[in-house]
Every structure is written in structure tokens, then in C-alpha cells.
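J.: Turn this into a model:
(2 chains)
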Amino acid sequence: MVKVVTSTVIEAPVEAVWEVLRDFNGHDRWHPIVADSHVERGLPSDKVGCVRNFHLQDGSNLRELLLTLSDADMAFSYCLLDTPVPLLNYVAHVRLAPVTDGNRTFWHWESRFDTPPGREKELHDMVATNVYQGGFDAIRTHLGVA
Amino acid sequence: MARVYVSSVIDAPVARVWERIRDFNALPRWHPRIRDSRIENGEPSDRIGCVRDFHLQNGDRLREKLLGLSDYDYFCTYSILESPMPLTNYIATLRLTPVTDGDRTFAEWSAEFDCDPAEEAGLIEGIGENVFLGGFNALKRQVVR
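T.: Residues are numbered from 1 along each chain as shown, chains lettered A, B, ... in the order given. Just a heads-up that it's a prediction; the model follows:
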């Protein structure tokens, strides 16, 4: 079992960051590795149990299921259903918290998954760097903050 | 039930911040509002259930009981047994979380308590500013890289 834990601070109010992140189908508008995305069966993207079906820039097709969404905790979790990359039993959790000192946002993003033997570090680093850290940087650009 | 929540970012690795705050008897060494502190009955300060008996700089005396301490999750939970403040059922948690982006620390300090509604706003303001934010600002000065 591989565990990836990343976190950052965004120089924007937590409500502004949550407004972007809570749309489970909105990642193609801010994350640079996502080319397009739609929610299957025309479901709303805040319906727990909905599936987002999306392509990365390299053409690979992924499907992810929304497991949890909480406006009270500003948190959501999801799992991978189909992926060409061998991230097995992948479950991820995102949560935001206000940094009251400065009206900023703490953003925590973590996941656990299995991999084929010997590929733990490669896939850990891919998720941590390309997906999560890349996402942090992209939100800063999207919101126009440092 | 009144709630206070204050959070901040301290520019030091979480282990260094935790080293300063995990000792339940160490308040006078890092919090500018605390003058002295001792643990009752000579118990170790990381024994769950121990009581710290301390004075503020203004002479006020408080007794607080350690309810929870985690070196794994970096949190400390405690209750007030005696204080001059007009509140009851006070339970607070001080929690640290690593900020991996920059190897910094996200620090949260929260409390819940009951009080007369007329006192609530003043208590929330005083605890949030003087105790919690004041403590974080002192830590920021002390553990700077």
C-alpha cells in the first residue's frame, strides 16, 4: 500500500478555493493534465455516487467515483474505477481548512493505493508531483494568486 | 455552545514546532501570557490525566487537565478545571499538520465551551486573540528558520 500526502497554503479565502474544488467535474478548467471531463448519465457533479469520465492531455481515459462531498467540512473523497495507469484500489481525500491568520487556505490532498511490485516509488512520485503539486500550482494560477 | 477557531502557518517543520508545544508543562517557555506552571502530584507532563496548575502574567490562576496527546497526529486536547473566566465545559485542541509544500506547519487551535450569551462574544474574542493567536505569533518568532 502506497500513501501519498501533500499539502499547501493558497493565498486566497477558503470559500474561493472551495468554490472551484467542490465541482467534481470542474477539473478540466483548472488542472493542466486534464483535457476534458463529463459526468456520466448527465448527473449533477455534486451528487454523491456520480462518476466523472475524463481524458488526460496524453489521451488516456479515466473514470472516478465521488464517494464523499461535504460543504460543512469543505472536503471530498473519490476512488478510481478505470485507469490505464496501474493505480489499484486508489482512494483520495481532499480537504480545505481556513487559515484565519491572513484569510488564507490550507489544502490537504492524500491518497492510498496499491501498485505492481517495484513501481511504488515511480507511481508515488507521479501522483504527488504531476497530479497533486501540479494541481496546487494550477489553482494559484486559476485564482490569480501568488 | 460557543466555539473558537484560530489557525496559522508557521514557517518551520512540524517536528520543530511540536517539540516546543508537546510538553504540557512548557507554556511559560513559549507562551508570553503564562508566567509559571507546574504539574500536580509530580506526574510526568505527558501522562494523560495530569493537571497543570499555572498563572498568567496578570496573576490569574488556571488548572487544566490533559485529555489527549498524540506524537503521531501532533495534537493535544485539554479541559479547564478552574479559571477566573465565566465559562464551563471548556475543551480545547491544539493541532499541527505538516504543509509538505515548503516543509512548514499548519497550526490549528480550537475550543468549545458554555457561557452566558452576554459573555460569549467577549470570551471568543479574548481567547482567540490573546491565547491562541498570541501563542502562534510567539511560536513564529521562536522557531523561525
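J.: So which residue is dead centre in chain B?
T.: Residue closest to the average C-alpha location in chain B (CA atoms, centre = their mean): residue B:94, at 5.5 Å.
J.: where does it sit relative to residue B:76, distance-wise?
T.: 5 Å (CB to CB, to the nearest Å). All C-beta spots, glycine's among them, are computed from the backbone N, C-alpha and C.
J.: Then residue A:44?
T.: Relative to residue B:76, residue A:44 is positioned 41 Å away (CB to CB).
J.: So these two - more neighbours on which side?
T.: residue B:76 (21 against 10; other CB atoms under 10 Å in any protein chain shown).
J.: you'd agree the more buried one is in a strand?
T.: Yes - under DSSP: H, G, I helix; E, B strand; the rest coil, residue B:76 falls within a strand.
J.: Quick one: residues contacting it.
T.: Going by CB atoms under 8 Å, 6 or more residues apart in numbering or on different chains, residue B:76 touches B:21-22, B:24, B:66, B:68-70, B:93-95.
J.: Can you check the pLDDT for it?
T.: Residue B:76 is assigned 97 on the pLDDT scale.
J.: touching chain B at all, stretch A:85-98?
T.: Yes - using CB under 8 Å from any CB of the partner chain, stretch A:85-98 reaches chain B at A:97-98.
J.: Residues touching that stretch, excluding its own?
T.: For stretch A:85-98, contacts defined as CB under 8 Å, 6+ apart pick out A:13-14, A:17-18, A:21, A:60, A:67-68, A:73-80, A:83, A:104-116, A:119, A:123, A:126-127, B:5, B:7, B:106, B:108.
J.: Let's see which of those residues end up in helices.
T.: Under the assignment DSSP state H, these contribute A:14, A:17-18, A:21, A:123 to helices.
J.: rewinding a little: please indicate which of the contacts of stretch A:85-98 are buried?
T.: If you count burial by 16 or more other CB atoms under 10 Å in any protein chain shown, the buried members of these come out as A:13-14, A:17-18, A:21, A:74-80, A:104-111, A:113, A:115, A:123, A:127, B:7, B:106, B:108.
J.: In strands, which of these fall?
T.: In strands, defined here by DSSP state E, the members of the buried ones among the contacts of stretch A:85-98 are A:75-80, A:104-111, A:113, B:7, B:106, B:108.
J.: Identify the residues contacting residue A:32.
T.: By CB under 8 Å, 6+ apart, the residues touching residue A:32 are A:57, A:134, A:138.
J.: Tell me the spacing between the first one and chain B.
T.: It refers to residue A:57. 23 Å (CB to the nearest CB, to the nearest Å).
J.: which residue packs closest to that residue, ignoring adjacent ones?
T.: With sequence-adjacent residues excluded and distances taken as CB to CB, 6 or more residues apart in numbering or on different chains, residue A:57 is closest to residue A:35, at 5.1 Å.
J.: And the host helix or strand of that neighbour, what's buried?
T.: Assigned by DSSP states H and E, residue A:35 falls within strand A:34-39. For strand A:34-39, the neighbour count (16+ other CB under 10 Å) marks A:34, A:37, A:39 as buried.
J.: Which one of those is nearest to residue B:144?
T.: Set against residue B:144, the nearest of the buried residues of strand A:34-39 by CB to CB is residue A:34 (38.4 Å).
J.: pLDDT score for residue B:144?
T.: 75.
J.: Can you tell me the SS state at it?
T.: Strictly by three-state DSSP, residue B:144 counts as coil.
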